[in-house]
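Student: Pasting a predicted model and its sequence here:
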Amino acid sequence: MEEIKKYAAIGRRKEATARVYLMAGKGDIEVNGSVLDKYFIRETDRLIIKQPLEATNTVAQFDIKAKIQGGGLAGQAGALRLGISRVLSQVQPELREMLRKNGYLTRDPRAKERKKYGQKGARKRFQWTKR
């Protein structure tokens, strides 16, 4: 493996966008200037974020800095996971097949459906009254 400088990738989920920067290090993850454990309070979000690193056994090899905008915490966690997966496949192309097989390189297309006119929401209708 050649000397690692700084690699970047973008991950998106729902309304969240994560710009991920990866460099050689000892496994620190920084999100919007704070430590991962302080930014993502829920344990499930932290597990989602670390999935591609644990699947490829690269947890302690790289430092990750991320800037995340938009969405809620769950969407931001998914965006960060996609960004980490993309940047790992840039650094070590041989990991791409494993990341693809586990589904970490696939962008989740689900997003909020727009509200329709004449209705209360995207699918909910106003209540019908007979009299």
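Tutor: The structure has been received and is ready for your questions. Numbers count the residues shown, from 1 in each chain.
Student: So which elements touch the lengthiest helix in the chain?
Tutor: Among the elements of the chain assigned as helix by DSSP state H, the one spanning the most residues is helix 73-91. Using 3 or more CB pairs under 8 Å, 6 or more residues apart in numbering; DSSP states H and E, the elements in contact with helix 73-91 are strand 6-13, strand 16-24, helix 43-55, strand 62-69, helix 96-102. C-beta here means a position set from N, CA and C on the backbone, and glycine is covered the same way.
Student: which secondary structure elements does the shortest one contact?
Tutor: The contact analysis (3+ CB pairs under 8 Å, 6+ apart) places helix 96-102 against helix 43-55, helix 73-91.
Student: so which of these comes closest to residue 105?
Tutor: Proximity to residue 105 (CB to CB) singles out helix 73-91 among these, at 5.2 Å.
Student: tell me the angle of that closest one relative to helix 43-55?
Tutor: Relative orientation of helix 73-91 versus helix 43-55 (axes from the mean of the first three to the mean of the last three CA atoms, to 10 degrees): 10 degrees.
Student: Fine by me, we can end here.
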